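> Got a predicted structure plus its sequence, pasted below:
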Amino acid sequence: MNIKNSFLVAASLLVLGACARHPGESVRRGTLYNNETNVDSEGFTFFKRVHEKALFEMAFAKYVQSIPASTEAKGLAAKVTETYEPIIAELAGFASEYSVVLTERTEPDFVVPHHFETDSLSAFDNAGYIAHVQHEQGAILEQFERLARNTNKGLQEYALEKVSTVKTVFAAAGGQEGHGTHH
């Protein structure tokens, strides 16, 4: 073997050795974890997306309950509130156990999406709100179902405990399992 080949072999071994995890070394420094959190990227995504969506849906539901809307829309908004009020608090506590920093505010600065705004010429779009809830519940349900397959047993158990609750809201909005849960 000539000197050039010997150098390439030595450099390759050095690079590969630097990439290997050594006994006692924390996995947290590897590519599976996000910065300094104690969850994989799927768990991190779950916490961020579900928390953000739950905050928005809670604020929107409270808005719907405060305006002239149909009985169906108000009932669905009440179900959203009933479901996500405890989940938001649980997510905040649970995320801190895994060192995931969530939005500090419990209620974001809520702005009604422009296509739902009411004025003197039009009424609130009840059907649009129900379709919106169905869509968002499908996205949240997908996150819970993905988390239920996570390798972290604590995350898995939490997801399995909550998935039926989210499915109930999804069904109340007209969602059907297997449809619209791919986001």
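Thanks, I have the structure now.
> what bits of the protein have low per-residue confidence?
Within the chain, the segments meeting pLDDT under 70 span 1, 4-37, 104-109, 114-122, 178-183.
> which residues in it form helices?
Counting by DSSP state H, the chain forms helices over residues 3-19, 41-66, 71-97, 126-147, 153-172, given from the N-terminal end onward.
> Burial check on residue 160, number of neighbours?
Taking other CB atoms under 10 Å as the criterion, the count of residues near residue 160 is 14. For the C-beta atoms, the positions are set from N, CA and C on the backbone; glycine is no exception.
> Reformat the helices of the chain as a markdown table; add distance to residue 112.
Supplementary listing: the helices of the chain in a markdown table, determined by distance: least, CB to CB, whole Å:
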| stretch | distance to residue 112 |
| --- | --- |
| helix 3-19 | 50 |
| helix 41-66 | 6 |
| helix 71-97 | 13 |
| helix 126-147 | 10 |
| helix 153-172 | 20 |
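> Distance check, residue 48 against residue 102.
Separation of residue 48 from residue 102 (CB to CB, to the nearest Å) stands at 7 Å.
> what sits against residue 60?
Contacts for residue 60 (CB atoms under 8 Å, 6 or more residues apart in numbering) come out as 77, 80, 110, 112, 129, 132.
> between these, which is closest to residue 150?
Residue 150 has its nearest neighbour among those in residue 80, at 25.0 Å by CB to CB.
> wait, that closest one sits on residue 168?
No - under the contact definition of CB atoms under 8 Å, residue 80 does not touch residue 168, with a separation of 10.8 Å.
> Compare neighbour counts for these two and give me the winner.
Neighbours per residue (other CB under 10 Å) separate residue 80 from residue 168, with residue 80 holding more: 24 against 14.
> do you know how far the more buried one is from residue 124?
The spacing between residue 80 and residue 124, counted by CB to CB, is 15 Å.
> now swap in residue 54 and tell me
Distance check for residue 54 against residue 124: by CB to CB, it reads 22 Å.
> Compare the two (neighbour count), which wins?
Just comparing residue 54 and residue 124: by other CB under 10 Å the higher neighbour count belongs to residue 54, 21 against 18.
> Report the contact partners of the more buried one.
Counting by CB under 8 Å, 6+ apart, the residues that residue 54 touches are 84, 87-88, 91, 140.
> out of those, which one sits closest to residue 148?
Of all the contacts of residue 54, the one with the least separation from residue 148 (CB to CB) is residue 140, at 12.9 Å.
> Contact partners for the closest one?
49-50, 53-54, 166.
> Counting neighbours, which of these end up buried?
Among the contacts of residue 140, those classed as buried by 16 or more other CB atoms under 10 Å are 50, 53-54, 166.
> Lovely, talk soon.
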